[in-house]
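J.: curious how this folds, go ahead:
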Amino acid sequence: MEFLAKAGAGRTILELRKGDAVFTQGEVATAIFYVQKGRVRISVISKTGKEATVALLGAGNFLGEECIAAPNVQRVSTATALAESTILRIERDEMIRVLHEEQAFSEVFVAYLLARNARTQEDLVDQLFNSSEKRLARALLLLAQFGKDGTAPETVIPKISQEVLAEMIGTTRSRVNFFMNRFRQMGFIDYNGKLTIHTSLLNVILHD
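T.: Residues are numbered from 1 along each chain as shown. All right, here's what the predicted structure looks like:
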């Protein structure tokens with residue numbers, strides 16, 4: 001979609017390096033962001049200072065949608081580039097304008113929000129009922145965008161620290177290390193600088 005492909009009125013393209021912040025928890029939300037290229041980590045910090053990773057988002061994802069709900073809303077999370085990333089910043093007023101005036105874009109955005117909501121519910125069920133091994137397998141498959149049209153059967157993604165994976169699935173780094181080694185021994189994944197996810201990893205989720 002052309003609106004999301006280039007800069008224009010109320011839209012600015014940001015070129016971020018690894019570790020650069022897209023936005024920070026607590027700041028006033030004045031814009032929504034769209035990932036054109038790269039990967040972004042969404043994290044939250046509790047009142048006691050504990051940090052947790054809640055999502056890893058790649059190309060085609062929106063961030064900071066809360067700014068649309070009302071003016072002067074505070075960010076509830078921090079978004080940080082995990083790799084060199086190209087991000088489109090869309091000012092709140094411009095986003096509201098295009099949602100009102102362009103039906104096709106509005107339909108795409110609403111469909112995205114519904115899919116994100118469904119994903120959040122799936123994440124909750126995953127945390128409540130599945131083992132940490134299944135949660136890790138699901139997280140890796142999601143990072144590889146398993147099941148999306150045009151995705152190769154074996155997808156290579158940037159290597160992600162075991163600490164981040166542990167935060168995402170609510171377990172310890174040692175458990176993640178144990179399962180990652182087991183997945184590799186069983187031929188479900190390979191990692192050497194980059195992480196290769198094989199579709200056979202789906203067996204972990206389907207197996208009772």
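J.: once you drop chain neighbours, what's closest to Leu63?
T.: Nearest non-adjacent residue to Leu63, counting by CB to CB, 6 or more residues apart in numbering: Phe33, 4.3 Å away. Just so you know, the C-beta spots here come from the backbone N, C-alpha and C atoms, and that holds for glycine as well.
J.: quickly list what that neighbour is bridged to.
T.: Judged by DSSP bridges, the bridge partners of Phe33 are Leu63, Arg89.
J.: pLDDT value on it, please?
T.: Here the pLDDT value assigned to Phe33 is 97.
J.: what segments of this protein are helices?
T.: Along the chain, the stretches classed as helices by DSSP state H are 2-5, 92-101, 103-129, 132-143, 162-169, 173-185, 202-206.
J.: out of those, which comes closest to Ala81?
T.: helix 162-169 (13.4 Å; CB to CB).
J.: returning to that earlier point: isn't the residue nearest to Leu63 up against Leu88?
T.: Yes. Using CB atoms under 8 Å, Phe33 makes contact with Leu88 at a distance of 6.7 Å.
J.: show me the residue at the heart of this protein, geometrically.
T.: Leu57 (2.1 Å; CA atoms, centre = their mean).
J.: Thr30 versus Ser43, what's the distance?
T.: Ser43 sits 20 Å away from Thr30, going by CB to CB, to the nearest Å.
J.: and what of Asn130?
T.: Distance from Asn130 to Thr30, by CB to CB: 38 Å.
J.: next: Arg11.
T.: Arg11 is 13 Å from Thr30, by CB to CB.
J.: now the helices of the chain as CSV including mean neighbour count and mean pLDDT?
T.: Output for the helices of the chain, formatted as CSV (neighbours: other CB atoms under 10 Å; pLDDT from 0 to 100):
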stretch, mean neighbour count, mean pLDDT
helix 2-5, 13, 88
helix 92-101, 15, 94
helix 103-129, 12, 83
helix 132-143, 21, 86
helix 162-169, 20, 87
helix 173-185, 16, 93
helix 202-206, 14, 81
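J.: let me see the contact set for the residue nearest to the centre of the chain.
T.: Taking CB atoms under 8 Å, 6 or more residues apart in numbering, we find Leu57 in contact with Val35, Arg39, Val40, Ile42, Leu63.
J.: isn't the first one right up against Leu63?
T.: Yes. Contact between Val35 and Leu63 holds when scored by CB under 8 Å: they sit 7.0 Å apart.
J.: OK, contacts around the residue nearest to Leu63?
T.: Applying CB under 8 Å, 6+ apart to Phe33 gives the contacts Leu14, Val22, Phe23, Phe62, Leu63, Gly64, Ala79, Ile87, Leu88, Arg89, Ile90.
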